[in-house]
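Novice: 3D model of this:
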Amino acid sequence: MQASIRILENTSVEDFMIKTLARKLGTTSMAIYNYFDSRDDLLEAVCDQICDLFVAPKPRASWQESLRAWLWALKEHADRYPVMPHVIGINGHTAAGWLRITIPVTLLIHDALGLRGRKLALATYVFVSGAITMINMVSNSGEYLHAESHLSLDDLKLSAEHQQIIRKLPIAALEEKEVFTAVFEQLIAGVAAYGAATA
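Specialist: Have a look, this model is predicted:
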């Protein structure tokens with residue numbers, strides 16, 4: 001498992017191969033297939049191991065504070081295991097470890113907002129999927145924030161006023177913590193708004 005995680009730190013999930021792992025371990029692919037039926041089974045096991053290491057925060061005074069604490073804990077865990085967002089859904093199967101991480105969120109939304117059935121499923125799915133997607137995107141967007149654009153604003157046919165707004169936009173000055181704070185607050189506000197709208 002640890003060898004697989006190390007390989008995945010520098011290799012995309014799509015490029016991960018059993019023979020690469022076997023070579024790293026000094027064994028054969030067939031030896032690994034004694035333990036796992038397929039590459040996907042191995043990747044699911046890797047995800048489960050990573051997810052099992054997640055330390056859930058203790059409940060807070062309000063459901064919003066509890067979700068906020070969960071989001072920051074998830075972000076810290078994804079920082080430690082950057083491959084996690086890429087292995088939580090292999091071949092259309094959600095890893096059991098990911099469910100263990102997210103079920104407390106479902107129950108919290110159920111208890112706090114009274115959502116049931118499809119409404120609960122939708123609120124939970126949007127919240128946890130949005131969380132892991134945004135954590136992955138923002139964590140990997142450092143280069144984007146500081147990238148030079150080769151596209152002239154004139155090419156976008158913006159008005160002079162709109163060009164000035166875009167030119168003065170301080171995207172490169174954004175700090176990671178303030179971006180995550182804004183993202184997390186929007187996710188929590190979205191759950192609250194959805195709960196109020198469906199009440």
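Novice: going forward, measure contacts and count neighbours with C-alpha atoms only.
Specialist: OK.
Novice: Quick one: the helices in this protein, in order.
Specialist: 2-8, 18-25, 29-33, 39-52, 63-80, 84-87, 96-113, 117-139, 142-145, 160-167, 176-198 (DSSP state H).
Novice: who's in contact with the first one?
Specialist: Just to be clear, that refers to helix 2-8. 16, 21, 24-25, 46, 83 (Cα atoms under 8 Å, 6 or more residues apart in numbering).
Novice: Extract the C-alpha trace of it and format it as CSV.
Specialist: What follows is helix 2-8, C-alpha atoms only, in CSV (Å, rounded to 0.1, in the frame of the first residue of the first chain):
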residue,chain,number,x,y,z
GLN,A,2,2.7,2.5,1.0
ALA,A,3,4.6,1.7,-2.2
SER,A,4,1.5,2.3,-4.3
ILE,A,5,0.9,5.6,-2.5
ARG,A,6,4.5,6.7,-3.2
ILE,A,7,4.1,5.8,-6.9
LEU,A,8,0.8,7.7,-7.1
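Novice: residue contacts, Lys168?
Specialist: For Lys168, the contact set (Cα under 8 Å, 6+ apart) is empty.
Novice: Just the pLDDT at Leu21, thanks.
Specialist: Looking at Leu21, its pLDDT stands at 95.
Novice: measure the nearest residue to it once chain neighbours are set aside to Leu113 for me?
Specialist: Spatially, and ignoring its direct neighbours in sequence, Leu21 is nearest to Ser4 (6.4 Å; Cα to Cα, 6 or more residues apart in numbering). Distance, Ser4 to Leu113, by Cα to Cα, to the nearest Å: 40 Å.
Novice: Low-confidence stretches in the protein?
Specialist: The chain contains residues with pLDDT under 70 at 142-153.
Novice: Show me the residue at the heart of it, geometrically.
Specialist: Ile132 (1.8 Å; Cα atoms, centre = their mean).
Novice: contacting residues for that one?
Specialist: 74-75, 85.
Novice: Out of those, who's the most crowded?
Specialist: Highest neighbour count within the contacts of Ile132: Leu74, with 23 neighbours (other Cα atoms under 10 Å).
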